[in-house]
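[1] My questions are about this predicted structure, shown below with the sequence.
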Amino acid sequence: MLFTYNHSVELSSADWGIFKINDNVESKSGEKTYLIKSIFKNDFYLVLVTDLRRVWFEELRGIAIITRAKEIETGLDTTDEFQLPNLLTLLSELLKGQKQDSTYDAELIKDKAIIFLISFNH
């Protein structure tokens, strides 16, 4: 998917979140800073991630979000599309900003950035 002018307009009002993410492949210290901007609506999301050298973007809608949650084995109930609002709410909260007791891990696969939430303590 290409990043379009419409995506830029949608994301322009969103704040940047700063995330320290474990990245043993690219960072000698094992931790790298990423900036994440995201928009969540009733049935879709837009996420933009950058390390100030590269940019990754994802837009998913409807059942494609449920399918992605199944693919990455989130452990969430993804048996039907009625879970979509719950999944979007959870993702939105996770990407608002890194919580103090949260640890994230990143993996780069063929120019795709995959960010995993390793642990989260309330």
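    Nice, I can see it.
[2] For the rest of this, base every contact and every neighbour count on C-alpha atoms.
    Will do.
[3] For the top helix by length along the chain, buried residues please.
    Secondary structure assigned by DSSP state H gives helix 84-95 as the longest helix of the chain. Applying a neighbour-count criterion of 16 or more other Cα atoms under 10 Å, one finds L84, P85, L87, L88, S92, L95 buried in helix 84-95.
[4] all helices of this structure, in order?
    Secondary structure of the chain, counting by DSSP H: helices at 5-12, 63-71, 84-95.
[5] buried residues in the second one?
    Translated: helix 63-71. When neighbours are counted by 16+ other Cα under 10 Å, the buried residues of helix 63-71 are found to be I63, I65, I66, T67, A69.
[6] What is it packed up against?
    Contact here means 3 or more Cα pairs under 8 Å, 6 or more residues apart in numbering; DSSP states H and E; on that basis helix 63-71 packs against helix 84-95.
[7] The helix it packs on packs against which elements?
    In terms of contacts (3+ Cα pairs under 8 Å, 6+ apart), helix 84-95 is packed against strand 31-40, helix 63-71.
[8] Where among the ones you listed is average confidence lowest?
    If you rank the helices and strands packed on helix 84-95 by mean pLDDT, helix 63-71 sits at the bottom with a mean of 81.
[9] report the angle between the axes of it and helix 84-95?
    Angle of helix 63-71 versus helix 84-95, following axes from the mean of the first three to the mean of the last three Cα atoms, to 10 degrees, is 70 degrees.
[10] which non-adjacent residue is nearest E58?
    V47 (5.3 Å; Cα to Cα, 6 or more residues apart in numbering).
[11] now the helices and strands packed on helix 84-95 as a markdown table including distance to G17?
    Supplementary listing: the helices and strands packed on helix 84-95 in a markdown table, determined by distance: least, Cα to Cα, whole Å:
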| stretch | distance to G17 |
| --- | --- |
| strand 31-40 | 5 |
| helix 63-71 | 21 |
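[12] if we can go back for a sec, now the two most distant members of the buried residues of helix 63-71.
    I63 and A69 (9.9 Å; Cα to Cα).
[13] what's the burial count for the nearest residue to T33 once chain neighbours are set aside?
    Once flanking residues are discounted, T33 sits nearest to K20: 4.6 Å by Cα to Cα, 6+ apart. K20 is surrounded by 17 other residues when neighbours are defined as other Cα atoms under 10 Å.
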